[in-house]
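**Student:** quick one, fold the following:
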Amino acid sequence: MKRAARMVGLLLCAHALPLMAQTATITVTAEGAVAQAGPAAYPSDARLSAVAVAAKVDPEAYILGAAWLQPALRRDQLRLRAGIEYELGAIRRQALGSENMPLGETAAAFQAWISARPITGRRTGVALDPARLEVTPAEDWPVHEGDTLFYPRRPVDIRVVGAVDKPCRLPHVPLQDARRYLASCPASPAADPDLIYVVQPDGAVFAQNVALWNRDLPRPLAPGAWIYVPFDRHAIAGAADEAFNRDVADFIATQLLSDEGWR
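**Tutor:** Predicted structure coming up:
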């Protein structure tokens with residue numbers, strides 16, 4: 001009798017396990033220009049579209065600048081920022097040793113700026129338009145416990161940082177080439193004269209040649225884009241590796257569109 005009862009119990013548990021798996025939930029948060037902000041429970045197999053639809057994204061939200069924040073990405077981004085900070089320190093020390101004061105001062109100022117940037121966990125290159133996600137399964141990625149979808153308001157400016165006299169926030173001009181913004185945000189003598197990096201609001205990063213001898217076709221910026229003016233690759237050789245400037249641009253791509261924390 002006891003054996004039969006035990007068998008029945010095991011069978012009941014076996015049938016219950018699939019049900020428990022089906023009802024498991026995760027917590028995902030929506031922030032910014034949404035009607036249903038805050039954390040909410042979703043099935044463990046939920047995808048981006050489920051969160052975006054449930055959040056009721058405001059029609060005025062700036063979809064191009066929307067961000068998917070994943071705690072799992074924070075460690076790698078923290079390491080990336082730490083590496084950039086270390087190399088900027090090395091650039092400063094090398095510059096002081098060779099009495100290149102403009103380079104040393106610019107490196108120190110930018111090191112302080114980078115150190116103040118938050119680690120967001122943003123995953124770049126992901127479309128977060130609710131309507132598009134619902135009809136494009138290949139882009140409708142699974143979400144995970146602790147993820148956040150952030151929908152900003154549409155900005156009206158662009159930002160210029162890096163090897164410049166000081167960071168700039170400039171009015172966005174429709175269809176204006178990225179390099180034309182530099183006239184309003186003077187580069188430091190430490191800047192690379194041949195190249196800039198454009199970081200669009202969705203996190204896409206592009207290198208753009210800007211010298212007379214290698215100039216690329218114009219690249220218009222979307223509202224909320226960044227221009228990173230890189231350090232002269234010849235001046236920083238020996239203190240930073242060849243990927244330094246691209247690493248900086250990739251880190252900037254993880255930042256969110258908001259009025260706080262960039263100056």
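
**Student:** partner residues bridging Gly32?
**Tutor:** Per DSSP bridges, the residues bridged to Gly32 are Tyr151.

**Student:** cross-check the contact I'm expecting between Thr148 and Gly32.
**Tutor:** No: Thr148 is beyond contact range of Gly32, at 9.5 Å (criterion: C-beta atoms under 8 Å). From N, CA and C alone the C-beta is placed, and that goes for glycine too.

**Student:** show me where the stretch 101-250 of the chain has strands.
**Tutor:** 122-123, 148-151, 157-162, 168-171, 195-199, 205-209, 226-229 (DSSP state E, counting those that start in this stretch).

**Student:** as a markdown table, those strands with distance to Leu182 and mean pLDDT would be great.
**Tutor:** Listed next are those as a markdown table, based on distance: least, C-beta to C-beta, whole Å; pLDDT from 0 to 100:
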| stretch | distance to Leu182 | mean pLDDT |
| --- | --- | --- |
| strand 122-123 | 26 | 98 |
| strand 148-151 | 29 | 98 |
| strand 157-162 | 7 | 97 |
| strand 168-171 | 9 | 96 |
| strand 195-199 | 7 | 97 |
| strand 205-209 | 11 | 95 |
| strand 226-229 | 7 | 98 |
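
**Student:** just give me how far stretch 114-130 sits from the chain centre.
**Tutor:** With C-alpha atoms, centre = their mean, to the nearest Å as the basis, the distance from the averaged C-alpha position of stretch 114-130 to the chain average is 3 Å.

**Student:** ignore the last one, stretch 78-88
**Tutor:** From the chain centre to the centre of stretch 78-88 is a distance of 16 Å (C-alpha atoms, centre = their mean).

**Student:** what does that stretch contact?
**Tutor:** Residues external to stretch 78-88 that are found in contact with it (C-beta atoms under 8 Å, 6 or more residues apart in numbering): 107-108, 110-111, 114-115, 117, 119, 236, 239-241, 244, 247-248, 250-251.

**Student:** thinking again about what came up before, with mean neighbour count and distance to Arg47 added, can I get the strands of the stretch 101-250 of the chain in a markdown table?
**Tutor:** Converted to a markdown table, the strands of the stretch 101-250 of the chain look like this (neighbours: other C-beta atoms under 10 Å; distance: least, C-beta to C-beta, whole Å):
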| stretch | mean neighbour count | distance to Arg47 |
| --- | --- | --- |
| strand 122-123 | 18 | 14 |
| strand 148-151 | 22 | 11 |
| strand 157-162 | 22 | 32 |
| strand 168-171 | 16 | 35 |
| strand 195-199 | 24 | 27 |
| strand 205-209 | 16 | 26 |
| strand 226-229 | 25 | 29 |
